[in-house]
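In: following is a predicted model, sequence given first.
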Amino acid sequence: MARPHPRLETEIKLRIESPATTRRLLARLGYSIATPRVFESNTIFDTPDARLRRAQNLLRLRQDGARNTIAFKGPPIEGKYKVRPEVESDFTDSAAMREILGGLGLRPVFRYEKYRTEYRKPRQPGSVMLDETPIGDFVELEGPPNWIDRAAKELGYSAAEYITESYGGLYLSHCESKRLRPGHMLFSGRK
């Protein structure tokens, strides 16, 4: 049986001031909603000695609406964009998956939440994700590098404004700047 080959995920984030303004801009530019706004709950798993993190790997479980996915991401490739190997698959039983991961010695180490809306433009190879998070709002551009550059410029951004940090890294920077003790990146009132 052939092993699946991980694909290379290429993306950047851009900080935005207003989701409403960004929605209007995307509509004016010809983007339409490919996936309506959905709440995402993400959990990162690692070994007790943080072996995955030390190797710059990531194992994530995500629930968005009725869909559950597991993703493994390899170490990022340094550069202008966030590029890293990624293998992702759907699964049906969240409790069973957590039990499997626990049986393998993995435990939840970080949780983060966001609302995500995915936009696409006809005959374009990339996607624009509008992410509303507890630490601010972002658009994530995912696709080929030349498409990312064109889409960012079309949205009014330059390469100097590209963010390649993960939401976990952005959360830690946010906590440091606000002198907050890091925990999980959750909306108020959630545990």
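Out: Done, it's in. Since we're looking at a predicted model, the values are computed, not measured.
In: how near is residue 182 to residue 41?
Out: Distance of residue 182 to residue 41, computed by C-beta to C-beta, to the nearest Å: 18 Å. C-beta: built from backbone N, CA, C; applies to glycine.
In: which one of these two has more residues nearby?
Out: The neighbour comparison of residue 182 against residue 41 (other C-beta atoms under 10 Å) goes to residue 41, with 16 against 12.
In: show me what the top helix by length along the chain is packed up against.
Out: The residue-count maximum for a helix in the chain (DSSP state H) belongs to helix 167-178. With contacts taken as 3 or more C-beta pairs under 8 Å, 6 or more residues apart in numbering; DSSP states H and E, helix 167-178 sits against strand 107-120.
In: ok, then the element right after the strand it packs on?
Out: The helix or strand immediately downstream of strand 107-120 is strand 127-133, counting by DSSP states H and E.
In: give me the helices and strands touching that following strand, please.
Out: helix 19-28, strand 107-120, strand 136-142.
In: as CSV, the ones you listed with mean pLDDT and distance to residue 169 would be great.
Out: Below are the helices and strands packed on strand 127-133 laid out as CSV (pLDDT from 0 to 100; distance: least, C-beta to C-beta, whole Å):
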stretch, mean pLDDT, distance to residue 169
helix 19-28, 98, 22
strand 107-120, 98, 11
strand 136-142, 98, 13
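In: so which of those is the most packed in?
Out: Ranked by mean neighbour count, these are led by strand 136-142 with a mean of 20 (mean count of other C-beta atoms under 10 Å).
In: quick one: strands adjacent to that one?
Out: The strands beside strand 136-142 in its sheet (DSSP bridges) come out as strand 7-16 (antiparallel), strand 127-133 (antiparallel).
In: any idea how far that strand is from the middle of the chain?
Out: 9 Å (C-alpha atoms, centre = their mean, to the nearest Å).
In: low-confidence stretches in this protein?
Out: Scanning the chain for pLDDT under 70 picks out the ranges 1-6, 189-191.
In: which of the residues in stretch 168-187 are buried?
Out: Counting neighbours by 16 or more other C-beta atoms under 10 Å, one finds that the buried residues in stretch 168-187 are 168, 170-172, 174, 184-185.
In: what's the answer for stretch 38-52, then?
Out: 40-46, 52.
In: count the neighbours of residue 148 for me.
Out: 23.
In: so it, which state does it fall into?
Out: Of the three states, residue 148 takes helix under DSSP: H, G, I helix; E, B strand; the rest coil.
In: hang on, it packs against residue 12?
Out: Yes: if you go by C-beta atoms under 8 Å, residue 148 and residue 12 touch, sitting 5.8 Å apart.
In: mind listing the shared neighbours of those two?
Out: 81, 141 (C-beta atoms under 8 Å, 6 or more residues apart in numbering).
In: residues contacting residue 172?
Out: Here residue 172 is in contact with residue 182 (criterion: C-beta under 8 Å, 6+ apart).
In: quick one: it from residue 93, how far?
Out: As for residue 172, its distance to residue 93 is 31 Å (criterion: C-beta to C-beta).
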